[in-house]
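In: Structure here, sequence nowhere to be found:
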């Protein structure tokens, strides 16, 4: 009988990790485990925590990964990274050798540190370059909620594979910010050790520290200057419930598609309007066939960047996504046709059939104080007389991030 050879060691562990990451990234019903590997990235974690000035329980997963980088150099890359595994596999079949890249400087630490320090000023500059974000973004195109332009925009992961074929090991060794952050952690360990070593080690640690100081200064300057150059205006969008203010949302969202894949009613889509590139490929709500369920908070539970704040379903009546508006001339009641579907569908008691301005005609009336813009009335309205309008950030109720 033929024997199945099971690979052991780091390569075998990383293969298993890659298969698991792929499984959790597929548009299947994984609930809170959708795209779970994104929570393993300390690069995403630091960018999110410093931008939002808040920390949630699942961030400890990435923190644990970073701690291991002090004990084992680039631990995540060696044992767990699905992107690293696939890129290394492509590099091995490349006609070129990795030695041809020796003259290219390693700037991964610079990218990581610039992004993290700029995040402290409110702009996570390079958060979209996280390899796990690119990996999961690719699988979002399989969810069926992305048009052709969106699918092409989610080609970051295939481009990485192509890059490794023509330039083997370039991304993983020279550019990856997640790997760069782990390098910084290892350097910090080495520098602490150098305090108790000879003079040459101390000088090397000082030189590395100086480079990091320059990177941190550049990131802080970028975080303070660049937001003033970004045009925040454009067509307003309806965002998932619990979304942070629009200017922060557009820069913090990593376009991973976790919210899109996990949404049970499939009302989340990528924004592919190129008129405002700052929001390109971020999730927007479209009430085509469903509405935002009153007992669902999955999008907030699977968002690794914090662009959708974690909230409890019991607080959902205070979370404003938009406001309903009724075009009375289209309403069946204005034509003396019986209908009360909108009133029945509203779970927040924001819609009632009252007396309109035209004689004693009974017409639907919306209470703007109770309406959350969930879209239930708009979806069920037979003539399509109800639409949901987005609201300004200042009109949204602030949602407290759950700390545990």
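Out: Nice, I can see it. Quantities reported herein were computed from a predicted structural model and do not represent experimental measurements.
In: Pass me the low-pLDDT residue ranges in this protein, would you?
Out: The model of the chain has pLDDT under 70 over residues 1-8, 98-99, 144-150, 192-209, 228-234, 355-361, 393-404.
In: try 50
Out: 1-2, 4, 199, 201-206, 394-395, 397-404 (pLDDT under 50).
In: Could you chop it up by domain?
Out: Per automatic domain parsing, the domain ranges recorded for the chain read 9-229, 321-404.
In: All the helices of the stretch 201-350 of the chain, in order from the start?
Out: With helices called from DSSP state H, counting those that start in this stretch, the stretch 201-350 of the chain shows them at 246-252, 258-262, 298-302, 341-345.
In: next one: the stretch 1-150 of the chain
Out: Going by DSSP H, counting those that start in this stretch, the stretch 1-150 of the chain shows helices at 9-25, 42-52, 59-71, 75-79, 82-92, 108-120, 131-140, 148-153.
In: Of all those, which one comes closest to residue 218?
Out: Across the helices of the stretch 1-150 of the chain, the minimum distance to residue 218, taken as C-beta to C-beta, is reached by helix 108-120, at 5.5 Å. (Each C-beta comes from the backbone N, C-alpha and C, glycine too.)
In: ok, residues contacting that closest one?
Out: Where contact means C-beta atoms under 8 Å, 6 or more residues apart in numbering, the residues beyond helix 108-120 that reach it are 43, 46-48, 50-51, 124-127, 129, 173-181, 183-184, 187, 211-212, 215-220, 222-223, 226.
In: before we move on, the earlier item: which stretch among the domains of the chain comes nearest residue 250?
Out: domain 9-229 (10.5 Å).
In: Distance of the residue nearest to residue 114 when sequence neighbours are not counted relative to residue 134?
Out: Using C-beta to C-beta, 6 or more residues apart in numbering and skipping the chain neighbours, the partner closest in space to residue 114 is residue 219 (3.7 Å). Taking C-beta to C-beta, to the nearest Å as the measure, residue 219 falls 21 Å from residue 134.
In: What of residue 253?
Out: 14 Å.
In: same thing with residue 252?
Out: 16 Å.
In: Likewise for residue 68?
Out: On the measure of C-beta to C-beta, residue 68 and residue 134 end up 22 Å apart.
In: The two - which one has more neighbours?
Out: Neighbours were counted for residue 68 and for residue 134 using other C-beta atoms under 10 Å; residue 134 has more, 23 against 17.
In: from memory the more buried one sits against residue 163, does it?
Out: No - using C-beta atoms under 8 Å as the test, residue 134 is too far from residue 163 to be in contact (11.2 Å).
In: what about the strands in the stretch 201-350 of the chain?
Out: For the stretch 201-350 of the chain, the strands defined by DSSP state E, counting those that start in this stretch occupy 268-270, 283-285, 322-326.
In: winner for burial among those strands?
Out: When you average the neighbours per residue for each of the strands of the stretch 201-350 of the chain (mean count of other C-beta atoms under 10 Å), strand 283-285 leads with a mean of 25.
In: Which elements pack onto it?
Out: Counting contacts by 3 or more C-beta pairs under 8 Å, 6 or more residues apart in numbering; DSSP states H and E, strand 283-285 is packed against strand 268-270.
In: Off-centre distance for the strand it packs on?
Out: Taking C-alpha atoms, centre = their mean, to the nearest Å, one finds the center of strand 268-270 at 12 Å from the center of the full chain.
In: That one pairs with which strands, parallel or anti?
Out: strand 283-285 (antiparallel) (DSSP bridges).
In: gap between residue 96 and residue 170?
Out: On the measure of C-beta to C-beta, residue 96 and residue 170 end up 10 Å apart.
In: how about residue 352, secondary structure?
Out: strand (DSSP: H, G, I helix; E, B strand; the rest coil).
In: Return the distance of the residue most central in space within the chain relative to residue 137.
Out: The chain has residue 254 as the residue nearest its centroid, 3.6 Å off, counting by C-alpha atoms, centre = their mean. According to C-beta to C-beta, residue 254 stands 8 Å off from residue 137.
In: now residue 210
Out: Per C-beta to C-beta, residue 210 is found 35 Å from residue 137.
In: Compare these two (neighbour count), which wins?
Out: Taking other C-beta under 10 Å, residue 210 and residue 137 do not tie; residue 137 has more neighbours (27 against 10).
In: Correct me if wrong: the more buried one contacts residue 160.
Out: No - contact criterion C-beta under 8 Å: residue 137 and residue 160 do not qualify, at 11.2 Å.
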